[in-house]
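J.: I'll drop the sequence and a predicted model, then ask my questions.
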Amino acid sequence: MSDGIWAINMESITRERAEHLADMIGSIELYILQGCPTGGFLEAVLSNDLKECMARADDVSRHIVFEIVCHLYQNCPGGCWGSPRHYRDWLAMDPDDRLRLVAASKFGRDRGVLPPPPKGKEDDHTPED
């Protein structure tokens, strides 16, 4: 499958929808980077629950679902979206483990995210007496 069909055409959406999309992407980034829970609409999108997504969408969100899914497909680590379990597990994940996964993904590389230091390596010196 070509990524061309997943391209977001910003010229085809209104300014209001573009601003709303930017807000949604910001919420998705907080979810991915920090494990912050999203609102119900984005939770449904991230959980791949179309019925619930449309039930929770406001008048603007229902018109940008395709663009949100395009963003997820093109940019976001696969382990953080696609099913209710992925969503729950991402929220419950140890922050260092989440950061390692993000740093290894296209999402993290595009944003310059560095992995945390290996456990036990945060401080290589021992205190002197």
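T.: Structure received.
J.: Go through the longest helix along the chain and flag the buried ones.
T.: Across the chain, the helix with the greatest residue count (assigned by DSSP state H) is helix 15-34. Within helix 15-34, the residues that count as buried by 16 or more other C-beta atoms under 10 Å are 17, 18, 20, 21, 24, 25, 28, 29, 31, 32, 33. (C-beta placed from N, C-alpha, C; glycine too.)
J.: need those residues in a markdown table with distance to residue 67 and pLDDT, can you?
T.: Shown next, in a markdown table, are the buried residues of helix 15-34 (distance: C-beta to C-beta, whole Å; pLDDT from 0 to 100):
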| residue | distance to residue 67 | pLDDT |
| --- | --- | --- |
| 17 | 8 | 91 |
| 18 | 9 | 90 |
| 20 | 10 | 95 |
| 21 | 5 | 94 |
| 24 | 8 | 97 |
| 25 | 9 | 96 |
| 28 | 12 | 97 |
| 29 | 15 | 96 |
| 31 | 17 | 98 |
| 32 | 17 | 97 |
| 33 | 20 | 95 |
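J.: hmm, which two among the residues you listed are most spread apart?
T.: 17 and 33 (24.3 Å; C-beta to C-beta).
J.: Please state the offset of the longest helix of the chain from the chain centre?
T.: Distance, stretch centre to chain centre, for helix 15-34: 9 Å (C-alpha atoms, centre = their mean, to the nearest Å).
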